[in-house]
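A predicted structure for the sequence below; I have some questions about it.
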Amino acid sequence: MNNIAGNKPALVWITHLSVAFMVILWILPTLGLFVSSFRNADQIASSGWWRALFPTEQTLTLRTGDPDTQVQQGDLYVIEGNIFADAGEGAPEALTAWGTSSRAVSAYAPGDVAELNDGERLTIEADGAYRMESPQQMEGTRGQRVFVTGSVPPSLTFDNYRRVLFSGSTTDGMQKAFFNTLTVTIPATVIPILVAAFAAYALAWMDFKGRALLIALIVALLVVPLQLALIPLLKLHLNIGIGKGYMGVWLAHTGFGLPMAIYLLRNYIAGLPRDIIENARVDGATEFQIFTRIILPLSFPALASFAIFQFLWTWNDLLVAKVFLIDASGRTTVMTAQIVELMGTRGGDWEILATAAFVSIAVPLFVFFFMQKYLVRGLLAGSVK
Amino acid sequence: MAPALQGLLTIVIGIGACLAYFFGSNLLLDTLFPPRGPKAGRNTNIANLIRPWLFLFPALFALGLYLMYPVVETMRLSLTSRIPGGGYEWTGLDNYTQMFREPKFWEAMRNNLLWLLVVPGMATIFGLLAAQLTDRIRWGSIAKSIIFMPMAISFVGAAVIWKLVYDARPAGQDQIGILNALVVWFGGEPETWLTIPFWNNFFLMVVLIWIQSGFAMVILSAALRGIPEETVEAAIIDGANPMQIFFKIKVPQIRSTIMVVWTTITVIVLKIFDIVFAMTNGQWGTQVLANYMYDKLFVARDWGIGSASAIVIMILVLPILVWNVRNARREMS
C-alpha cells in the first residue's frame, strides 16, 4: 500500500516528522531518568538532566589553606596554593568569577584583589592559584571561605549504581529486594504454565459436556479485578497457616495468571493442525503421550509468549506483593515496594531514586528488547480474534 | 532456608507434582478402563468421559479457589461488619450506605469516570495514529519499539519517571523537571503539577496513556495490515484522498479490533492502583477506587467498606465481562 497514492513528498515529510515527534515524546521521560541515574546529587539538583552532556556553570564553596600553612615573606604573612586543591572530582577547570561573601558570590573577576578584614588581601587567578597576604600573623583554625564560579565539564558516574547495588545499605540498597523479586517471579512464572497447558489442551481438543461453558467462564475470569480476591485470600492464607510469605504470593500469582494462560494457550493449541492429533490417536498414542510429545513442543511460541507476560506482570507487580508477601518486618520486600518506600522517605534524592528505579526497570527492558517477537505474538493471540 | 533455594525447590516440587498427577491419573484411568480386551469399546468411552476432567482439575481447582470463591466471599464480607472484640455480624447494606456518605468515595468515583473517559480513548487514538504512521516509513519498526517500550516498565517505575518530568523548583531556580523547564523557557511560572486540584488527575492519566499507547499500536497495526488491499485500491481509483482512505475505508474495517483495545484498556483503568498510590496516594483530589479500597483495607482496616468498594469495581467491570463472553461465544459457534 506504500507505493500508491498519498505519497506526495509533503505528506511523506509530515509522516516522518510526526513519528519523530512521537518517538521523542515517548522516550524523553525514560531518558531523563536514565541520564539522572549517572549524575551525582549536586549535578541533579543544580541543572536539568538534558544539560548533563554539556559543561555547566557551577558555584562551589571552597577554602584557602589553614592559617598554620602561612609563611612570612618580608613584613607580610602569606598563604599560597591552588583553590581547587581539595575540591575533588567535578571541580571546574577554570573559574570565571569568585567572591568571599555568600551574598555576592561572584563579586570579583579572576586576578582582582579583594580587601578583607584586618588588611588582609586575597587574589585568585583563573586557574585557581591564589595568594592571601596580611600585614600581621593570621589567626583561626580554618582558611578563608571562598565562593568560586566556573564551568564544570560534564561528568557521569557509576557511584549511584555502586551504592544501590553493592553497598548493602538497608535503606538505599536494592540488592536484597532484587533477589526477593527474582524469588517471587520465577516460580510464579513457571508453575502456572504446566497447569494451564493441560487445561488448554482439554479445552481445545477433547470433547466433553460443558466445554463451551468452561471457555466462557475463562473469558469471564480474564477481567475479574484482582482487588476482589485480596481480603478473602489473605484470610484464607492466614487460616491455613501460609500467612504472608513467598508461598502465598506464588499461589496468588498462579491463580491470577491462569485465566490468561489458559486463554492464550487454548487459542494457540486449537489452531494446531487437526491431522497431527488425529493421526497420533489412530496410531494408538494415549492423550498423555499426544500432549507431552506433540502438543507441548509445538506450542513453544505460545508458552514463551505467556511466560514473558507473566514474568513482566509479576516482576512489575506491587499490589499482590504488598498484600500477600511483605510482612511488618519488611525482610521480603520487592523492588517496586522498596521504590515506593524510597519515594516517601527520600523523595528529593533523585540520584538514589532514579538508580533504584532503573535497576528494577532494566530486567524487564532486557526481556522486552530480546523477546519482543514473542510478546507481540502473545498480545495478538490474546486480543485479535 | 534461603528463599532462592526455597523457590527452586518449589519449582521442582510444583512441576514434579503436576507431572506426577497428570501421569499417574492417566495411568490409573487406563488401568481401570483398559482400551483392550472384551469391553474395549465401552472402556474407551468411559475413559474419554473422565479424561478431560483429569486434565482440567488442577486449573479448575486453582481458578475456583483464587478467583471464584473470592468473588462470593467479598460479596458476603461487604454485607458484614466487624464486631468490636472479634467476629462479624450481618449488617445488610450498611457498608454501602456508609460508603456512599463519604466524600472521598465520590471523589474516587468521579476520578475513575474521568480516567475512563480520557485514558482508553486517548491511548487508542495515539496507538492508531502510531500504527498508521509507522507502517509507512522505513524506520517504522524502531519507532514502534520505542513507543511500545513503556509496556515493559512497571507502573511504579513509570511513576518515578514521570515524577521527575513533573518535578518543580521554586521560581528563579534552575528547573530540573523538563515540563517546568519548558514552561519557564516559554516565559511561564513553574507549577507543582501534581497538586493542582482537578487538573492533577490528567497529569496522572498521561502516565497510563504513555504506557498503553504501545499496546494499542501493536494490535491495531496488525489489524491495519490485515485489511484487504483491494478495498484500499478501489478507494484510490475512486479518487479518495489519504484522509478519506484512513477514516472511511480502514477504520471501519478494524472497528471490532478497536473495540477490543478500548475495552482492554478500560479494564486496566478500572483497576488502576500503582500509579496513583506511588505518585500522590490519592491526595490533592486524585483518589481512585482501587486506591480508596486499599486505604480502607490496609490503612483504616475496615474490611466491610473495603469489600463494598471492591464490589463497586466489579460492577463497573461487569458490562465488559458480559460483552467479552458474548463475543467469545459468537466466535466459537
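Noted; the coordinates are in hand.

Distance of the residue positioned nearest the centre of chain B relative to residue B:299?
Closest to where the C-alpha atoms of chain B average out (Cα atoms, centre = their mean) is residue B:268, at 2.7 Å. Using Cβ to Cβ, to the nearest Å, residue B:268 is found at 24 Å from residue B:299. C-beta: built from backbone N, CA, C; applies to glycine.

Compute the number of surrounding residues for the closest residue to chain A within chain B.
As assessed by Cβ to the nearest Cβ, chain A sits closest to residue B:66 within chain B, at 2.5 Å. Residue B:66: 24 surrounding residues under other Cβ atoms under 10 Å in any protein chain shown.

That one looks like it's in a strand, true?
No. Assessed with DSSP: H, G, I helix; E, B strand; the rest coil, residue B:66 is helix; it does not lie in a strand.

Doesn't residue A:147 lie inside a strand?
Yes. According to three-state DSSP, residue A:147 belongs to a strand.

Dihedrals phi and psi, the residue of chain B most remote from its centre?
Centroid-distance maximum for chain B: residue B:38 at 54.7 Å, with Cα atoms, centre = their mean. Backbone torsions for residue B:38, taken as degrees, to the nearest 10, come to phi -60, psi -40.

and it, what pLDDT?
Model confidence at residue B:38, given as pLDDT, is 74.

now do residue B:117
pLDDT, residue B:117: 91.

The one helix or strand it maps to - contacts with which helices or strands?
Element membership for residue B:117 (DSSP states H and E) is helix B:103-134. Judged by 3 or more Cβ pairs under 8 Å, 6 or more residues apart in numbering or on different chains; DSSP states H and E, helix B:103-134 is in contact with helix A:9-36, helix B:140-148, helix B:199-225, helix B:255-270, helix B:289-294, helix B:303-332.

Which residue is the nearest non-sequential neighbour of the residue of the stretch 201-350 of chain A found nearest chain B?
With Cβ to the nearest Cβ, the shortest gap between the stretch 201-350 of chain A and chain B falls at residue A:255, namely 2.5 Å. Among residues not flanking residue A:255 along the chain, residue B:66 sits closest, at 2.5 Å (Cβ to Cβ, 6 or more residues apart in numbering or on different chains).

Next: residue B:221.
If the residues on either side of it in the chain are set aside, residue B:221 comes closest to residue B:131, at 3.7 Å by Cβ to Cβ, 6+ apart.

Just to check, that neighbour is in contact with residue B:214?
No. Using Cβ atoms under 8 Å, residue B:131 makes no contact with residue B:214, being 10.2 Å away.

Okay, now the unreliable bits of chain A?
Scanning chain A for pLDDT under 70 picks out A:1-8, A:87-91, A:168-172, A:347, A:382-385.

does any bit of the helix ranked longest in it sit next to chain B?
Counting residues, the longest helix found in chain A (DSSP state H) is helix A:175-205. Yes. With Cβ under 8 Å from any Cβ of the partner chain as the measure, helix A:175-205 is seen reaching chain B through A:179-180, A:182-183, A:186-187, A:190-191, A:194-196, A:198-199, A:201-203.

Which is the succeeding secondary structure element to that helix?
According to DSSP H and E, the helix or strand after helix A:175-205 is helix A:211-222.

Show me what that following helix is packed against.
Applying 3+ Cβ pairs under 8 Å, 6+ apart, one finds that helix A:211-222 contacts helix A:175-205, helix A:246-270, helix B:40-63, helix B:303-332.

Can you give me the buried ones in the helix or strand following the third one?
Which is helix B:40-63. Next along the chain after helix B:40-63, taking DSSP H and E as the criterion, comes helix B:69-77. Using 16 or more other Cβ atoms under 10 Å in any protein chain shown as the test for burial, helix B:69-77 gives B:69, B:70, B:71, B:73, B:74, B:75, B:77.

Would you tell me what the next helix or strand after helix B:69-77 is?
By DSSP H and E, the next helix or strand past helix B:69-77 is strand B:80-82.

Sheet partners, orientation included, of the helix or strand following that following strand?
Where DSSP H and E defines the elements, the next helix or strand beyond strand B:80-82 is strand B:88-90. Sheet pairing for strand B:88-90, assigned by DSSP bridges, gives strand B:80-82 (antiparallel).

what comes into contact with the partner strand?
B:88, B:89, B:90, B:91, B:94, B:95, B:302, B:303, B:304 (Cβ atoms under 8 Å, 6 or more residues apart in numbering or on different chains).

now those in JSON lines, with neighbour count and pLDDT?
Formatted as JSON lines, these follow (neighbours: other Cβ atoms under 10 Å in any protein chain shown; pLDDT from 0 to 100):
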{"residue": "B:88", "neighbour count": "14", "pLDDT": "72"}
{"residue": "B:89", "neighbour count": "10", "pLDDT": "75"}
{"residue": "B:90", "neighbour count": "9", "pLDDT": "79"}
{"residue": "B:91", "neighbour count": "17", "pLDDT": "78"}
{"residue": "B:94", "neighbour count": "17", "pLDDT": "78"}
{"residue": "B:95", "neighbour count": "24", "pLDDT": "81"}
{"residue": "B:302", "neighbour count": "18", "pLDDT": "81"}
{"residue": "B:303", "neighbour count": "24", "pLDDT": "82"}
{"residue": "B:304", "neighbour count": "22", "pLDDT": "83"}
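
Identify the farthest-apart pair in those residues.
Using Cβ to Cβ, the contacts of strand B:80-82 span at most 16.2 Å, a distance reached by B:90 and B:302.

Please tell me how far the residue farthest from the centre of chain B sits from residue A:286.
20 Å.

repeat for residue A:58
Distance, residue A:58 to residue A:286, by Cβ to Cβ: 75 Å.

Would stretch B:197-209 count as contacting chain A?
No. Judged by Cβ under 8 Å from any Cβ, stretch B:197-209 stays clear of chain A, getting no closer than 8.8 Å.

How about residue A:61: what's its closest non-neighbour residue?
residue A:147 (5.8 Å).

burial measure for residue A:92, as a count.
21.

Grab the nearest non-local neighbour of it.
residue A:150 is the one closest to residue A:92 (Cβ to Cβ, 6+ apart), at 2.8 Å.

same question, residue A:319
Nearest non-adjacent residue to residue A:319 (Cβ to Cβ, 6+ apart): residue B:273, at 5.6 Å.

doesn't residue B:288 make contact with that neighbour?
Yes. Residue B:273 lies in contact with residue B:288 (Cβ under 8 Å); the separation is 7.5 Å.

What distance do you get for the residue of the stretch 201-350 of chain A closest to chain B to residue A:271?
Distance, residue A:255 to residue A:271, using Cβ to Cβ: 26 Å.

Who has more neighbours out of these two?
residue A:255 (24 against 11).
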